[in-house]
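Trainee: Need a 3D model of the following:
(one chain, ligands or ions: 1)
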Amino acid sequence: MRAAPLRRLAPVALPLLLALPLAAGAWSGVQHIQISKAAARNLPDEMAAFRDFARPMALPAIYPDLWKEGDPDEGPRHYFEPDRLPPGTDIRAFSPVQIEAFLQMDAIPAEIGIAPWAIVELLAQMTDAMRATNWTWAAQCGAAMSHYVADVHMPLHCTRNFNGQETWQVGVHSRVEGDMTKAFFRADAIRPGPAGHLAEPFRDVMGWIEHSAAMAPVVLRADLIAKRSANGRIDSETYFLRLWELTGDVIETQISDAAAHLSSLWYTAWVNAGKPAIPAPLDELPVLSVHSGVGIDPASEGGPVGASRSRQNQRYDTIIWAVMGGLALLVVASSIWRGIQERKAKGP
Ligand SMILES: [Zn+2]
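Mentor: Down below sits the predicted model:
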């Protein structure tokens, strides 16, 4: 039943979603956090000290979706759509240097997306930061990378028909990664394969995207079948049950792979940095974009460093208060509801 899992998740998911209304447009915030935490757990034992960084890095895994508000260049970092290229194009053969790659292909970066280059650029920065023992910056780059790696494992982030707009399936994007995944996906379904060092990370990232892109038609077809089963009612329980039946395996595999691949990237950064000693984790990370310095709302764009630093702390406080407020609302609402039910049970 669709309603049951929704009820089960509500205490966790609802306050978070209240706090982060802008997190739409990718896996929901909850999945980004789950992937980041699973990747940390999945690190090889020799890098075990970095597992504790999961705490400060989990929430920042959501920030890149929020940076879109203040940074017009942020959007294309969240996808890559190989089906905009001629059929048979070997995307693994493109240069890992973005400028060179776009000279090799006939495509517009903002249209086709730049996720693979954003990922390898952050890998390079994370490696340099670890080598220089700048662990705040390493963790910030690793958390942002976590977001883009998770996004490219969502099949609809790897097709030009990302919202079913070319096949009369508009809205399929949020139905699949938002409504359905939030309702049915459980964190204990994340079973990542072992992490390993990546000798050619860019080729690997493109390989993951190739696989994700191949899953897009499966997801789009499932939407059509589920819609038919539900007599066109895409907001019905029948529709979502059938959709999960047809795509649940794909979603669970893709999210597990995202966690495995992310841990391999973090491990690769650390190995390439010369395996520096890992300190105790930080308390929290700045919310500012690692690319442009914008905050998670347009108001904190620009401004002097001191001012933006205090605004950044205010944003962090706002998130925490919104989460607490959401929880309080839930408690109050459920006690009112229980009161009404008890009064009904007693009769007039
Ligand atoms: Zn995203």
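Trainee: only C-alpha atoms for contact and neighbour calcs from this point on.
Mentor: Fine.
Trainee: Now do the strand or helix carrying residue 239: which elements does it pack against?
Mentor: If you go by DSSP states H and E, residue 239 is part of helix 237-272. Secondary-structure packing of helix 237-272 (3 or more CA pairs under 8 Å, 6 or more residues apart in numbering; DSSP states H and E): helix 29-41, helix 115-131, helix 135-152, helix 201-229.
Trainee: I'd like to know which of these lies nearest to the ion.
Mentor: Closest approach to the ion among the helices and strands packed on helix 237-272 is made by helix 135-152 (5.5 Å; CA to the ion).
Trainee: for the closest one, which positions count as buried?
Mentor: 135-152 (16 or more other CA atoms under 10 Å).
Trainee: Those also near the ion: which ones?
Mentor: With CA under 5 Å from the ion as the criterion, no member of these is in contact with the ion.
Trainee: what would the helices and strands packed on helix 237-272 look like in JSON lines with distance to residue 277 and mean pLDDT?
Mentor: As requested, the helices and strands packed on helix 237-272 are exported to JSON lines (distance: least, CA to CA, whole Å; pLDDT from 0 to 100):
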{"stretch": "helix 29-41", "distance to residue 277": "17", "mean pLDDT": "96"}
{"stretch": "helix 115-131", "distance to residue 277": "9", "mean pLDDT": "98"}
{"stretch": "helix 135-152", "distance to residue 277": "11", "mean pLDDT": "98"}
{"stretch": "helix 201-229", "distance to residue 277": "23", "mean pLDDT": "98"}
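Trainee: circling back to that earlier point, list the buried residues in the helix holding residue 239.
Mentor: Neighbour count says helix 237-272 has 238-244, 246-248, 250-272 buried, by 16+ other CA under 10 Å.
Trainee: which residues in the stretch 51-200 of the chain form helices?
Mentor: Ranges of helices within the stretch 51-200 of the chain are 54-58, 63-67, 98-104, 109-112, 115-131, 135-152, 172-174, 181-184, based on DSSP state H, counting those that start in this stretch.
Trainee: what angle separates the fifth one from helix 201-229?
Mentor: Computed by axes from the mean of the first three to the mean of the last three CA atoms, to 10 degrees, the angle separating helix 115-131 from helix 201-229 equals 130 degrees.
Trainee: Helix 115-131 near the ion anywhere?
Mentor: No - Helix 115-131 does not reach the ion (CA under 5 Å from the ion); its nearest approach is 9.7 Å.
Trainee: That helix - contacts with which helices or strands?
Mentor: Under the contact rule (3+ CA pairs under 8 Å, 6+ apart), helix 115-131 is packed against helix 135-152, helix 201-229, helix 237-272.
Trainee: Residue 35: which of those is closest?
Mentor: helix 237-272 (5.0 Å; CA to CA).
Trainee: Next one: residue 91 from the ion, what distance?
Mentor: Going from residue 91 to the ion by CA to the ion, to the nearest Å gives 21 Å.
Trainee: How about that residue, nearest residue that isn't a chain neighbour?
Mentor: Computed as CA to CA, 6 or more residues apart in numbering, the closest residue to residue 91 that is not its neighbour in sequence is residue 206, at 6.3 Å.
Trainee: wait, that neighbour sits on residue 116?
Mentor: Yes - the pair residue 206 / residue 116 is scored as a contact, 6.8 Å apart, by CA atoms under 8 Å.
Trainee: quick one: which of the two has more around it?
Mentor: residue 116 (26 against 23; other CA atoms under 10 Å).
Trainee: Show the contacting residues for that one.
Mentor: Applying CA atoms under 8 Å, 6 or more residues apart in numbering to residue 116 gives the contacts 77, 80, 202, 205, 206.
Trainee: Would you convert these into JSON lines that also reports distance to the ion?
Mentor: Putting the contacts of residue 116 into JSON lines (distance: CA to the ion, whole Å) gives the following:
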{"residue": "77", "distance to the ion": "8"}
{"residue": "80", "distance to the ion": "12"}
{"residue": "202", "distance to the ion": "19"}
{"residue": "205", "distance to the ion": "16"}
{"residue": "206", "distance to the ion": "17"}
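Trainee: Top of those by number of neighbours, please.
Mentor: residue 80 (28 neighbours).
Trainee: close enough to count as contact, that residue and residue 110?
Mentor: No - contact criterion CA under 8 Å: residue 80 and residue 110 do not qualify, at 9.7 Å.
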